[in-house]
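Visitor: coords please:
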Amino acid sequence: MNSTGIDIVWMEGDMIIALPMILCLIGFATFWFVSKATKINDGSIKNVLLTKYWGLCTMGIIPAVITLQLMPQYALADYGLTYNSDSTMNSLVAILILAALIMPLVFIIAKKPSHQVNYPQIREKNWTRSLVLKNCLGWSAYLLGYEFLFRGILLFPLVDAIGVWPAIAINTAMYSATHIPKGLDDTICAAFFGVVLCLITLMTGTLWVAVFVHIVISLTNSFSSIYHNPEMKFVK
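Guide: Residues are numbered from 1 along each chain as shown. Down below sits the predicted model:
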C-alpha cells in the first residue's frame, strides 16, 4: 500500500519520457566502459576504429531498433533522421557559421601539450591517406550514432511530452555529464554547445546540422593535433 499518496502506476505517455533517458544512459555507458577497457584503449588503429563503430551500434543502431519496437508511433524521421527541404538553406548557414566560429578555437587548443597527450586518439606517427580516410569514416560513424541518440531519441519525444525548454534542459544536462571525464572546460563548453545544437535541431527538424558540425569539430581536432605534434606527420 502506498501511504505517501504518490501514484506509482505506470501511466500512458510515460514511455516516451523514460525510454529515451534509459537508452541514453545505457547506450553511452556501454560505449564508454568498453572503449576505456585496458585491452582496447591502447591507441592502435584497429582498436580505436573498433570503438567508433561500437559507438554507432550502442548509441545508434541498437537504440533505433528498440525505440521502433517500443514506441511505434515514432519513425526514424521523427527523430530527425530525415531530409527537410524547407530548412536546407538554414541548415547550411548554421553549419558554416558554427564551423567558422569553432574550428579556429579547436586549432588553437590542439597546440597544448596536455591536449596532444590524448589526441589524436589513434597514436600512429605516420599518417597516410588511407589512415586519414579511416579516421574520417570512424569519426563519422561514431558521431552519427552519438547525435542520433542525444539530439534525436533524447530530444524529440521529450519535447512532445514535456515541452521544448524542459526537454533541452534534460538533454543538455545528460550531454554535458558525458564530458565530465574530459575535464571542466569540456563540460562547460558542452553545456553551451548542447543548447545550441538542440535549438538548431528543433528549428530545422533534422539531425544533420548537429552531425556535420560535430564531425567537422572532431576531424579538425584530430588533424590539428597531428599538425602540432612534433612526433607525428602526414605522409603520402
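Visitor: Give me the helices and strands touching the host helix or strand of Ala29, please.
Guide: Using DSSP states H and E, Ala29 falls within helix 15-35. Packed against helix 15-35, as judged by 3 or more Cβ pairs under 8 Å, 6 or more residues apart in numbering; DSSP states H and E, are the following elements: helix 45-56, helix 62-70, helix 156-162, helix 164-177. No exception for glycine: its C-beta is placed from N, CA and C like everyone else's.
Visitor: Now do it: distance to the chain's middle.
Guide: Helix 15-35 has its C-alpha centroid displaced from the chain centroid by 12 Å (Cα atoms, centre = their mean, to the nearest Å).
Visitor: ok so, going back, is it possible to export the helices and strands packed on helix 15-35 to a markdown table including distance to Glu124?
Guide: As requested, the helices and strands packed on helix 15-35 are arranged in a markdown table below (distance: least, Cβ to Cβ, whole Å):
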| stretch | distance to Glu124 |
| --- | --- |
| helix 45-56 | 6 |
| helix 62-70 | 30 |
| helix 156-162 | 39 |
| helix 164-177 | 30 |
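Visitor: Now render these as TSV, adding mean pLDDT, mean neighbour count and distance to Lys112.
Guide: TSV is the format used below for these (pLDDT from 0 to 100; neighbours: other Cβ atoms under 10 Å; distance: least, Cβ to Cβ, whole Å):
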stretch	mean pLDDT	mean neighbour count	distance to Lys112
helix 45-56	96	19	21
helix 62-70	97	16	34
helix 156-162	96	19	36
helix 164-177	95	18	21
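Visitor: what's the least confident helix or strand in the chain, going by average pLDDT?
Guide: Least confident helix or strand of the chain, by mean pLDDT, DSSP states H and E, is helix 113-116 with a mean of 85.
Visitor: hmm, back to that, next, the buried residues of the helix holding Ala29.
Guide: Buried residues in helix 15-35, counting neighbours by 16 or more other Cβ atoms under 10 Å, are found at 15-17, 19-21, 23-24, 27-28, 30-31, 35.
Visitor: From the chain's centre, how far out is the helix or strand harbouring Thr88? Work that out for me.
Guide: Take DSSP H and E as the rule and Thr88 turns out to sit in helix 88-109. Using Cα atoms, centre = their mean, the distance from the centre of helix 88-109 to the centre of the chain it belongs to is 16 Å.
Visitor: now do stretch 84-93
Guide: 21 Å.
Visitor: swap in stretch 111-125?
Guide: If you compare the mean C-alpha spot of stretch 111-125 with that of the full chain, they lie 20 Å apart, counting by Cα atoms, centre = their mean.
Visitor: Just the endpoints, please. Distance across it?
Guide: Counting by Cα to Cα, to the nearest Å, the length from the leading to the trailing residue of stretch 111-125 is 17 Å.
Visitor: What residues sit buried inside that stretch?
Guide: The neighbour-count check on stretch 111-125 (16+ other Cβ under 10 Å) flags His115, Gln116, Tyr119, Pro120, Gln121, Ile122 as buried.
Visitor: now stretch 94-106
Guide: Residues Ala94, Ile95, Leu98, Ala99, Ile102, Met103, Val106 are the ones in stretch 94-106 that count as buried (16+ other Cβ under 10 Å).
Visitor: Reformat those as a markdown table; add distance to Glu147.
Guide: Below are those laid out as a markdown table (distance: Cβ to Cβ, whole Å):
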| residue | distance to Glu147 |
| --- | --- |
| Ala94 | 14 |
| Ile95 | 13 |
| Leu98 | 13 |
| Ala99 | 15 |
| Ile102 | 15 |
| Met103 | 18 |
| Val106 | 18 |
